[in-house]
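>>> Sharing a model prediction with you, sequence too.
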Amino acid sequence: MPGGRLTQQDRRQIALGLADGLAYAEIARGLDRPTSTITREVMRNGGPTAYRADLAHRATEHRTRRRRRATPGDPDAPRRTHGLDDEAVREYEEVLAAVFMQSGLPRMTARVLAGLYTTDTGSLTASELAGRLRISLASVSKAITFLEGQGLIRRERDERRRERYVVDDDVLYQSTMASARATAHLGEVARQGVGIIGPGTPAAARLENIARFVEFVSESIARAADQAREILHTKPGRSSD
């Protein structure tokens with residue numbers, strides 16, 4: 001039934017589609033499902049190369065039983081103040097985490113980042129994250145270390161001197177600028193190769209094209225980030241034309 005839970009037969013069709021090299025959208029059309037459903041299903045069950053229908057079905061049944069047994073009102077899982085019901089938000093968090101995983105983040109790290117982005121406050125403590133995601137503090141700590149190293153979150157202390165992990169407009173800006181700098185560095189290294197290999201050779205021409213391309217892209221990203229920060233993140237009360 002479109003919109004209902006995936007059946008074991010659906011998961012076998014997904015596995016066959018992946019084996020045939022089909023895109024998620026094509027598999028979704030064959031099952032009359034949203035593409036996001038297929039993306040979430042595959043990414044939380046090993047990814048496209050490791051997905052196994054029977055294992056995915058058993059894992060889903062296990063998660064369902066665990067949710068039913070979970071004690072409501074966990075003090076470390078902050079209440080939602082508005083928005084959809086908890087189950088709908090959890091489903092969305094899994095979709096968002098799947099997208100983060102496709103961009104290269106490890107699964108647990110992607111879940112932590114998705115959890116931070118979907119909380120009203122935009123910041124959580126380690127214990128709040130562990131309670132919200134039902135994972136261990138050790139898993140939270142490992143994910144936080146990775147995310148902080150990538151510039152995707154920042155730390156601050158609240159009035160109770162607890163460390164909180166934050167995602168906000170400035171974090172997104174800084175992360176984008178870090179990506180632009182990394183791209184620009186690739187251009188610098190490529191241009192060094194032109195001098196080493198020797199101008200006029202096919203390899204040097206290739207490296208020069210790489211350098212010019214990534215320099216243009218990195219400059220465009222940095223310029224767009226600056227413009228977006230100025231235009232989109234203008235605080236209420238600031239004068240603007």
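Sure, I can see it.
>>> For the residue positioned nearest the centre of the chain, give me the pLDDT.
In the chain, the residue lying closest to the centroid (Cα atoms, centre = their mean) is F100, at 2.1 Å. pLDDT, F100: 84.
>>> who's in contact with it?
F100 sits next to T109, A110, L113, A114 when contact means Cβ atoms under 8 Å, 6 or more residues apart in numbering. No exception for glycine: its C-beta is placed from N, CA and C like everyone else's.
>>> Repeat the analysis, applying 7 Å as the threshold.
A110, L113, A114 (Cβ atoms under 7 Å, 6 or more residues apart in numbering).
>>> isn't the second one right up against Q150?
No. Look at L113 against Q150 with Cβ atoms under 7 Å: they stay out of range, at 9.6 Å.
>>> what about the protein, any weak spots by pLDDT?
For the chain, the stretches with pLDDT under 70 are 1-4, 63, 65-86, 233-241.
>>> returning to what we had before: how near is the residue nearest to the centre of the chain to M43?
Remark: distance between F100 and M43 (Cβ to Cβ, to the nearest Å) = 9 Å.
>>> Among the contacts of F100, which one lies nearest to L55?
A110 (19.7 Å; Cβ to Cβ).
>>> Surely the closest one touches V95?
No. With contact defined as Cβ under 7 Å, A110 does not count as touching V95 (10.9 Å).
>>> Neighbour count: these two, which is higher?
Higher neighbour count among A110 and V95: A110, with 25 against 16, using other Cβ atoms under 10 Å.
>>> Tell me the buried residues in the strand or helix carrying G131?
If you go by DSSP states H and E, G131 is part of helix 126-133. Buried residues in helix 126-133, counting neighbours by 16 or more other Cβ atoms under 10 Å, are found at A126, E128, L129, A130, G131, R132, L133.
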